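>>> Have a look at this prediction, sequence included:
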Amino acid sequence: MASKAAVLHLIGLGRSYQEIGATLGIPPGQAYLIGTGIPADGGGTVTRAQRERPGILPSRTQCLVNPREAPPPPAGPVHDWIRTRARDDRPNRPGR
């Protein structure tokens, strides 16, 4: 089980929360919560005293709980559908 001491030790070694999560076998947002006591989803107000805790990131902790979306592949049914819709949308074509 991951402990606050283990998370803060890895932070002290310069590891990111993504690396810490992988090392401890937990999600990065959970590692942040264990190490800091503050949820990574930004679901609350962080006081000045809390911002002084070890391991606190200055901003952008949401990515620890919600990974970025991946764009669709460059070819495939989504792009075929978009091309068809754009081609058939005569009122919005240039030089109508």
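Looks like it came in fine.

>>> I'd like the next helix or strand past the helix or strand of the chain with the lowest mean pLDDT.
One helix or strand of the chain scores below all others by mean pLDDT, DSSP states H and E: helix 48-51, with a mean of 82. With elements assigned by DSSP states H and E, the helix or strand that comes after helix 48-51 is helix 77-88.

>>> Alpha carbons of the least confident helix or strand of the chain, in CSV - could you do that?
Taking Å, rounded to 0.1, in the frame of the first residue of the first chain, the C-alpha atoms of helix 48-51 are listed here in CSV:
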residue,chain,number,x,y,z
ARG,A,48,-2.5,29.3,1.4
ALA,A,49,-1.3,26.9,4.1
GLN,A,50,-2.2,23.9,1.9
ARG,A,51,-0.3,25.4,-1.0
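
>>> Could you list the residues in contact with it?
By Cβ atoms under 8 Å, 6 or more residues apart in numbering, the residues outside helix 48-51 that reach it are 36, 37, 38, 56. C-beta: built from backbone N, CA, C; applies to glycine.

>>> Can you flag the buried ones in these?
For those, a burial check counting by 16 or more other Cβ atoms under 10 Å picks out 36, 38, 56.

>>> do you know how far the closest residue in space to the first one that isn't next to it in sequence is from residue 63?
Ranked by Cβ to Cβ, 6 or more residues apart in numbering and with sequence neighbours excluded, the top spatial neighbour of residue 36 is residue 55, at 4.9 Å. When distance is defined by Cβ to Cβ, to the nearest Å, residue 55 is 16 Å away from residue 63.

>>> and residue 85, how many neighbours?
Residue 85 is flanked by 9 other residues according to other Cβ atoms under 10 Å.

>>> Rounded mean pLDDT for stretch 62-69, please.
The average pLDDT within stretch 62-69 is 79.

>>> Next, the buried residues of that stretch.
Those would be 64, 65, for stretch 62-69 by 16+ other Cβ under 10 Å.

>>> Pull the residues that contact it.
Outside stretch 62-69, the residues touching it (Cβ under 8 Å, 6+ apart) are 17, 18, 27, 28, 29, 31, 32, 39, 40, 41, 42.
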